[in-house]
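Visitor: predicted model and sequence follow; I will ask about them next.
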Amino acid sequence: MIITHSKVQTLQPVWADFCGYSLIFENLSQPGREPRTATFADDSESLAFFAAAAAALHGIGAEALMRQLLLCLLPQHSYHVTAVDLINAGNQKKVALRAARKAARTVAQAARDPQALPPFLAKLGLTGGANAQFPVRFRFGGLAALNRRALVIRLEPAGPADDRMLERMLDWRSGVQQRLEEKTGLAPSPYQAHMTLGYFASRTLAEQAPELLAALERTLERALAGRVLPVAAAGLYSFTSMERFQRVPG
């Protein structure tokens with residue numbers, strides 16, 4: 001089987017080198033702590049949500065998911081919720097020619113100096129550390145094979161106040177994406193809050209076992225019933241693979 005996913009190197013899984021930057025939601029219940037490597041939430045509610053999702057996956061069996069779907073599961077410490085995708089090894093190819101060199105240098109910096117703020121992102125008005133505060137509580141909203149590339153938990157606001165806060169976040173996100181488009185030519189993308197569980201090594205198998213995915217969705221729905229995933233600040237993170245993340249300190 002040919003692996004067609006740029007983030008997957010082998011089916012063990014081993015994660016391929018994939019560098020870039022994103023604004024990622026985190027919980028800032030411990031302000032001033034040391035920058036974290038890969039762990040995105042330290043509070044008990046977030047960790048309980050992550051642990052319950054991981055346990056549900058392992059209940060069905062990582063080997064069964066790999067065998068039937070070529071699904072490479074992420075480690076629990078890599079679970080996170082992205083607010084805005086910025087520049088990375090995937091969308092770098094879509095950048096306008098006028099910004100190609102700056103984008104290439106930005107992606108290269110993620111590998112060379114992952115905790116430094118790239119000048120290109122600074123010109124977008126982004127900073128190291130937290131860029132905006134949007135306290136939102138999410139809950140399980142279903143399972144999806146997103147673009148036949150990733151298995152994700154869809155997240156939805158847990159209540160009316162969370163819904164309003166998410167709308168504020170989307171307005172802020174639109175502003176970031178507009179500045180990114182002006183500088184790079186990258187078109188804004190629609191937003192669906194989600195938490196990635198793993199990546200399909202080959203897109204052709206992403207929908208080949210609907211009964212397995214349906215069973216997994218039911219299992220996750222039971223495991224996450226009544227649980228919420230609280231997030232707060234959108235922090236700037238660099239990454240060099242799907243399990244190696246660094247918070248860019250402010």
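Guide: It's in.
Visitor: measure Arg227 to Leu70 for me?
Guide: 29 Å (CB to CB, to the nearest Å). Using the backbone N, CA and C atoms, a C-beta is placed for each residue, glycine as well.
Visitor: more neighbours: which of these two?
Guide: The neighbour count for Arg227 versus Leu70, taken as other CB atoms under 10 Å, is higher for Leu70 (24 against 18).
Visitor: what about that one, distance to Pro230?
Guide: On the measure of CB to CB, Leu70 and Pro230 end up 33 Å apart.
Visitor: what do you get for Asp85?
Guide: 22 Å.
Visitor: mind listing the helices for the protein?
Guide: Per DSSP state H, the chain carries helices over the ranges 44-60, 62-69, 100-112, 119-122, 160-184, 210-224.
Visitor: out of those helices, which gets the lowest mean score?
Guide: Among these, helix 62-69 carries the lowest mean pLDDT, at a mean of 79.
Visitor: give the buried residues for it.
Guide: Using 16 or more other CB atoms under 10 Å as the test for burial, helix 62-69 gives 65-66, 69.
Visitor: now, which of the residues you listed sits nearest Leu47?
Guide: Lowest distance from Leu47 to the buried residues of helix 62-69 (CB to CB) belongs to Leu65, with 22.7 Å.
Visitor: how deep is the residue nearest to that closest one when sequence neighbours are not counted tucked in, by neighbour count?
Guide: Nearest non-adjacent residue to Leu65, counting by CB to CB, 6 or more residues apart in numbering: Leu71, 4.3 Å away. Leu71 has 29 neighbours, counted by other CB under 10 Å.
Visitor: equivalent analysis for Ala234, please.
Guide: Neighbour count of Ala234, defined by other CB under 10 Å: 25.
Visitor: surely it touches His80?
Guide: No. If you go by CB atoms under 8 Å, Ala234 and His80 don't touch, sitting 11.3 Å apart.
Visitor: next, show the common contact partners of these two.
Guide: The contact sets of Ala234 and His80 overlap at 24-26 (CB atoms under 8 Å, 6 or more residues apart in numbering).
Visitor: mind pulling the model confidence for the residue nearest to the spatial centre of the chain?
Guide: Residue closest to the mean C-alpha point of the chain, counted by CA atoms, centre = their mean, is Thr82 at 4.3 Å. We have a pLDDT of 95 for Thr82.
Visitor: that one pairs with what?
Guide: Going by DSSP bridges, Thr82 is paired in beta bridges with Ile24.
Visitor: tell me the contacts of it?
Guide: Neighbour list for Thr82: 22-25 [criterion: CB under 8 Å, 6+ apart].
Visitor: please apply the same query to Leu180.
Guide: So Leu180 contacts 84, 86, 124, 186, 188 (CB under 8 Å, 6+ apart).
Visitor: closest to Thr240 out of these?
Guide: Closest approach to Thr240 among these (CB to CB): Leu86, at 14.6 Å.
Visitor: now do the contacts for that closest one.
Guide: Residues in contact with Leu86 (CB under 8 Å, 6+ apart) are 20-23, 121, 124, 126, 180.
Visitor: now the buried members of those.
Guide: 20-23, 121, 124, 126, 180.
Visitor: longest single strand anywhere in this protein?
Guide: Identified as the longest strand of the chain according to DSSP state E is strand 130-146.
Visitor: grab the nearest non-local neighbour of the residue lying farthest from the centre of the chain.
Guide: Most distant residue from the mean C-alpha position of the chain: Arg98, 27.8 Å away (CA atoms, centre = their mean). Nearest non-adjacent residue to Arg98, counting by CB to CB, 6+ apart: Gly185, 7.6 Å away.
Visitor: same check on Gln115?
Guide: Nearest non-adjacent residue to Gln115, counting by CB to CB, 6+ apart: Gln246, 5.4 Å away.
Visitor: circling back: the residue nearest to Arg98 reaches Lys102, doesn't it?
Guide: No. Using CB under 8 Å as the test, Gly185 is too far from Lys102 to be in contact (11.6 Å).
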